[in-house]
Structure formats: C-alpha cells, structure tokens
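A.B. asks: Build me a structure from this.
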Amino acid sequence: MYGDIDRTRVISQTAAFVALITIGAWISLPFVPVPITLQTLFVLLAGAVMRRRGIYPIIAYLGLGIMNAPVFHNGLGGIGVLLGPTGGYLAGFLPAALIIGLAFESESGYLWILGISAGTGAIYMCGIAWLVHSTGLALPAAITVGLLPFLPGDLLKAAAVYLMARRLRAGT
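C.D. replies: Numbering: from 1, shown residues only. Reported below is the predicted structural model:
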C-alpha cells in the first residue's frame with residue numbers, strides 16, 4: 001500500500017472533486033424549482049479526469065450530503081434535499097459521471113462529446129423524472145421548468161469540460 005501512486009492520485013482527485021462540486025453548489029442563482037449552480041460542471045469534469053473512477057467523488061459528495069453536511073445548493077444538507085425537487089438531478093450525477101468516465105477511457109474526441117452529451121442527458125432524465133414524481137407536474141411542464149432554461153448554460157459547461165479535458169490529456 002505504501003508508495004502506491006495510483007491509489008494516492010485517486011484519493012487526492014476524489015477529495016478535490018468533492019470540494020469542487022461543493023463549491024459549485026454554493027455558487028447558486030435562485031431559480032424555481034431548481035437553482036442554477038456549477039455542480040454539473042465539476043461532475044462532468046470528474047468523469048472526464050478520473051474516467052470510470054469519477055463516480056467516487058459523486059458517491060462521497062452524496063454521502064456527505066445525506067449525513068447533513070452543507071454540501072448541496074445554498075449550503076443545504078440532509079436527506080430532505082434528495083427527496084425534494086432537486087433530488088433527481090443529484091441522483092443523476094452518478095450515471096453521468098460513469099457514462100462520461102467510460103467515454104473518456106477512449107482516445108476519441110467524438111466519444112468524449114458523446115459521453116458528455118449522454119452524461120448530461122442522464123442528469124436531465126433523472127431530474128425530470130423525479131421532478132414529475134415529487135411535484136406532480138405534468139411531463140411537458142417539468143421539461144419546461146426543469147430542462148429548457150438550463151440548456152444554454154449546460155452547453156457552455158459541456159464545451160468547457162471538453163476543452164479542459166483535451167488540454168489536460170495533452171499535458172499528460
């Protein structure tokens with residue numbers, strides 16, 4: 001165990017991404033029913049950088065939040081946040097990080113774009129499904145309030161993740 005550089009890198013990256021996702025959650029613009037945050041930027045980046053191990057910081061982040069640490073948007077914590085209207089988006093972080101991580105195990109930029117798109121789609125699918133379930137909104141209304149306003153910002157986040165990941169991959 002001593003001297004295992006790969007293990008040390010995974011632990012360090014996990015801690016760093018938990019911190020970044022938390023900071024991204026605190027950078028929040030009030031919006032109804034889901035606030036606009038930078039969490040997804042760091043979730044996508046975790047998958048891109050850590051590849052399939054990108055789920056580790058997501059598991060740790062959600063675990064901290066469930067244990068009432070103030071890591072969710074606006075410094076909230078607790079299981080109530082996951083059971084509220086934003087819970088589906090938070091749960092969608094897990095498949096998103098895994099999908100992106102698997103895509104980034106390839107050297108293909110096209111697969112990276114596909115992975116980022118599919119990962120973002122997974123967040124939206126989980127979020128919209130839970131929004132419909134938890135609030136009783138009809139599907140078209142949930143899409144109108146829980147997806148459409150966020151698309152422009154998420155397109156920018158996806159492009160930023162692609163560019164950062166490409167730059168980081170070129171540096172290694």
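A.B. asks: Quick check: phi and psi at the residue nearest the centre of the chain.
C.D. replies: Central residue of the chain (Cα atoms, centre = their mean): residue 43, 3.1 Å from the mean position. Dihedral pair for residue 43: phi -70, psi -50, per degrees, to the nearest 10.
A.B. asks: ok, it to residue 138 distance?
C.D. replies: 28 Å (Cβ to Cβ, to the nearest Å). No exception for glycine: its C-beta is placed from N, CA and C like everyone else's.
A.B. asks: element containing the nearest residue to the residue nearest to the centre of the chain once chain neighbours are set aside?
C.D. replies: Counting by Cβ to Cβ, 6 or more residues apart in numbering, residue 93 is the residue found nearest to residue 43 once chain neighbours are left out, at 4.8 Å. Here residue 93, judged by DSSP states H and E, is contained in helix 87-103.
A.B. asks: Over to stretch 51-59 now: how far is its first residue from its last?
C.D. replies: 14 Å (Cα to Cα, to the nearest Å).
A.B. asks: any residues touching it, and which ones?
C.D. replies: 10, 13-18, 21, 43, 46-48, 50, 93-94, 97-98, 100-102, 104-105 (Cβ atoms under 8 Å, 6 or more residues apart in numbering).
A.B. asks: before we move on, back to that, what residues are up against the residue nearest to residue 43?
C.D. replies: Here residue 93 is in contact with 39-40, 43, 58, 61-62, 123 (Cβ under 8 Å, 6+ apart).
A.B. asks: Give the buried residues for whichever strand or helix holds residue 61.
C.D. replies: Counting by DSSP H and E, the element that carries residue 61 is helix 55-66. Of the residues in helix 55-66, those buried by neighbour count under the rule 16 or more other Cβ atoms under 10 Å are 55-58, 60-62, 64-66.
A.B. asks: Counting neighbours, which bits of the helix ranked longest in the chain end up buried?
C.D. replies: Across the chain, the longest stretch assigned as helix under DSSP state H is helix 109-135. Neighbour-count burial for helix 109-135, counted by 16+ other Cβ under 10 Å, picks out 112, 115-132, 134.
A.B. asks: Stretch 138-158 now?
C.D. replies: So stretch 138-158, judged by 16+ other Cβ under 10 Å, has buried residues 142, 145-147, 150, 154, 157-158.
A.B. asks: C-alpha coordinates for that stretch, CSV please?
C.D. replies: C-alpha atoms of stretch 138-158 as CSV (Å, rounded to 0.1, in the frame of the first residue of the first chain):
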residue,chain,number,x,y,z
ALA,A,138,-47.0,17.0,-16.0
LEU,A,139,-44.1,15.9,-18.1
PRO,A,140,-44.3,18.9,-20.5
ALA,A,141,-44.4,21.3,-17.6
ALA,A,142,-41.4,19.6,-15.9
ILE,A,143,-39.4,19.8,-19.1
THR,A,144,-40.3,23.5,-19.5
VAL,A,145,-39.1,24.4,-16.0
GLY,A,146,-36.5,21.7,-15.3
LEU,A,147,-34.7,21.4,-18.6
LEU,A,148,-35.2,24.2,-21.2
PRO,A,149,-33.9,27.1,-19.0
PHE,A,150,-30.8,25.2,-18.2
LEU,A,151,-29.8,24.1,-21.7
PRO,A,152,-27.7,27.2,-22.7
GLY,A,153,-25.7,27.1,-19.5
ASP,A,154,-25.2,23.3,-19.8
LEU,A,155,-24.0,23.6,-23.3
LEU,A,156,-21.4,26.1,-22.1
LYS,A,157,-20.4,23.8,-19.3
ALA,A,158,-20.1,20.8,-21.6
